[in-house]
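A.B. asks: fold the following for me, if possible:
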Amino acid sequence: MTLIGGTPQGGAGAGAPAPADLIKDTTDASFMADVIEASKTTPVIVDFWAPWCGPCRQLGPAIEKAVVAAKGAVKLVKIDIDKNPAYAGQLRVQSIPAVFAFVDGRPVDGFMGALPDSQVKQFVERLAKQGGGSPIDELIEMARESLELNDLGGAAQAYAQALQMDPGNPKAIGGLARLYQTQGDLERAAEVLEMAAPDARDPDIDAVRAALTLAAGAPSETAEFEARLARDPDDHEARLELAKALAASGRMTEAADELLESIRRDREWNEQAARKQLLTIFEAAGPVSDVARQGRRKLSSILFS
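C.D. replies: This next block holds a predicted model:
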């Protein structure tokens, strides 16, 4: 059995290689394993074709493109009926191309002849929904469960597997970057974030970007600013720098408390610099974190008192 990438059926069409085991050629001997058994976990599309079939060469690349776009939610198996006529006969294939969709070991949908790309895409998307969540979503959920159990190695491995299947997946990028960030490895977190598109939106991506912003140029020691505040509690610049140092070292709650105290003393100082820094801390900690939830309540109390 040969794993294939973009262009079986005489090389019609070109494209990026498909992930391993997502698109493959099969035979009558392997049909039971590749289609019947495989469809019990992931929907499988079977494309019956032959090298001499012109419409087959047109349809093949369209199916492959749609299957790759489904990102693991559907698999594609291709079978040359000239060399492997048994299952084509059982399914009463009278003309090709003939396409069948299998779920839970049985055919549930299909069509004969070449279809426009848009209809092929709809066919694949419809089948993907029957299979439930994609393997990528399952890996991301597995990673989150591992984090809840404090299994950092398991979480990192699950995120990495998801990124192998879909290198630009925002949830996997954000999750892995967040894992490194919470462990204090900002360098690796930044490297992971470079995989994300500039316009990628995900709470974890936003949080890590905010954390990197906090760490950039932040002082490493707090003693100087604590001494200045001991002499003058209204030294807002010292309090702001202290908050930056605390946040950069992961002490988000303490950093937020310092900024809230600065706002309480003078909310307009330096064009609301303390409030802006506080919002960045909320973003870095995460919108549903205790730091953000409690900090927002305290901020509202100060602003509306």
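A.B. asks: who touches the helix or strand of the chain with the lowest mean pLDDT?
C.D. replies: Within the chain, confidence by mean pLDDT, DSSP states H and E is lowest for helix 135-148 among all helices and strands, at a mean of 85. With contact meaning Cβ atoms under 8 Å, 6 or more residues apart in numbering, helix 135-148 is reached by 42, 71-73, 133, 152, 154-156, 158-159, 161-162, 165-166, 169, 171-172, 175-176, 179. Yep, even glycine has a C-beta here, placed from its N, CA and C like the rest.
A.B. asks: please redo it, this time with the cut-off set to 6 Å
C.D. replies: With Cβ atoms under 6 Å, 6 or more residues apart in numbering as the contact definition, helix 135-148 has outside contacts at 71-72, 154-155, 158-159, 161-162, 165-166, 171-172, 175.
A.B. asks: and residue 128, what is it in contact with?
C.D. replies: 70, 73-74.
A.B. asks: spell out the secondary structure type for the residue nearest to it when sequence neighbours are not counted.
C.D. replies: Nearest residue to residue 128, sequence neighbours excluded (Cβ to Cβ, 6 or more residues apart in numbering): residue 73, at 3.8 Å. Under DSSP: H, G, I helix; E, B strand; the rest coil, residue 73 falls in the coil class.
A.B. asks: and the contacts of helix 135-148 as TSV, adding neighbour count?
C.D. replies: Shown next, in TSV, are the contacts of helix 135-148 (neighbours: other Cβ atoms under 10 Å):
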residue	neighbour count
71	18
72	23
154	15
155	23
158	24
159	28
161	16
162	28
165	17
166	18
171	22
172	29
175	26
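A.B. asks: before we move on, back to that, tell me the confidence at the residue nearest to residue 128?
C.D. replies: Per-residue pLDDT puts residue 73 at 87.
A.B. asks: centre of the chain to the least confident helix or strand of the chain, how far?
C.D. replies: Its chain's C-alpha centre and that of helix 135-148 lie 10 Å apart, by Cα atoms, centre = their mean, to the nearest Å.
A.B. asks: which elements pack onto the next helix or strand after that helix?
C.D. replies: Next in sequence after helix 135-148, counting helices and strands by DSSP states H and E, comes helix 152-165. Helices and strands touching helix 152-165, by 3 or more Cβ pairs under 6 Å, 6 or more residues apart in numbering; DSSP states H and E, are helix 135-148, helix 170-182.
A.B. asks: circling back to that earlier point, which parts of the least confident helix or strand of the chain are buried?
C.D. replies: Across helix 135-148, burial judged by 16 or more other Cβ atoms under 10 Å covers 135-137, 139-140, 142-143, 146-147.
A.B. asks: and those, which two are furthest apart?
C.D. replies: Among the buried residues of helix 135-148, the pair separated by the greatest distance (Cβ to Cβ) is 135 and 147, at 18.9 Å.
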